[in-house]
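A.B. asks: the following comprises the amino acid sequence and a computationally predicted model.
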Amino acid sequence: MTTLFIKNMVCNRCIMVVQNELDKLGLAVKNIKLGEITLAKELTFNEKEVLEEALDPLGFQIIDDKKCRIIEKIKNIIIELVHHQDNDAKTNLSDVLSSQLHHDYNYLSNLFSDIEGTTIEKYFIAQKIEKVKELLVYDELSLSEIAFRLNYSSVAYLSNQFKKVTGLSPSHFKQIGEDKRKPLDEVK
């Protein structure tokens, strides 16, 4: 068995695309989730090279560096928290990251800042703002429902943070529409 860490796997569609490439190459998968593939057997050097060549044009990369793997795991945990879970419970991001990655939060925070050039908190906020954009475009929830769903303390706090990040108020963004949204792997 071998585990590979893959950069830019940020959604279920990414998982399907990577799974499809693995199937085309005849590589048996035991488990696949955001940023991580567990294969049934060890890859030969040539198999790994062929897989890298298949994934690269699709925007994915195999991560060999341990620190880069940690960064990718941090990003995937945040993406999972913001985009794929209904956060009814208030969660402390530093506690979640520390417990899931088995590292002190200060270490994770410093590593993330050094490699990404931004803080974990800013990355988390950027992901939340992308989720707010998505929910505004869908036009199914009120701003107060969006604030509640994403654990903002108030609509005013969400609006202020949204304007600080995007330069637009949520209502102005809603008028402009979807062309201002970013793909999740481009959110910084």
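C.D. replies: Good, I have the coordinates.
A.B. asks: quick one, what contacts the most centrally placed residue in the chain?
C.D. replies: By CA atoms, centre = their mean, the mean C-alpha position of the chain lies nearest to Ile79, the distance being 3.2 Å. Contacts for Ile79 (CB atoms under 8 Å, 6 or more residues apart in numbering) come out as 10-11, 34, 127, 184. (Glycine included, C-beta is placed from N, CA and C.)
A.B. asks: measure it to Ser99 for me?
C.D. replies: Note on Ile79: its distance to Ser99, by CB to CB, to the nearest Å, is 17 Å.
A.B. asks: what's the answer for Val137, then?
C.D. replies: In terms of CB to CB, Val137 sits 33 Å off from Ser99.
A.B. asks: and if you look at Val132?
C.D. replies: The value you get for Val132 to Ser99, if CB to CB is used, is 26 Å.
A.B. asks: the two: who's more crowded?
C.D. replies: Higher neighbour count among Val132 and Ser99: Val132, with 26 against 11, using other CB atoms under 10 Å.
A.B. asks: check contacts around that one.
C.D. replies: 146, 150, 158, 162, 170.
A.B. asks: helix or strand for the residue nearest to the centre of the chain, which one?
C.D. replies: helix 66-83 (DSSP states H and E).
A.B. asks: buried sites along the lowest-mean-pLDDT helix or strand in the chain?
C.D. replies: Within the chain, confidence by mean pLDDT, DSSP states H and E is lowest for helix 170-176 among all helices and strands, at a mean of 85. For helix 170-176, the neighbour count (16 or more other CB atoms under 10 Å) marks 170, 173 as buried.
A.B. asks: same check, this time on stretch 102-109
C.D. replies: So, applying 16+ other CB under 10 Å, buried residues of stretch 102-109: 103, 105, 108-109.
A.B. asks: repeat that for stretch 116-125.
C.D. replies: Within stretch 116-125, the residues scored as buried using 16+ other CB under 10 Å are 120, 123-125.
A.B. asks: how close does Lys66 get to Leu101?
C.D. replies: Relative to Leu101, and taking CB to CB, Lys66 is found at 12 Å.
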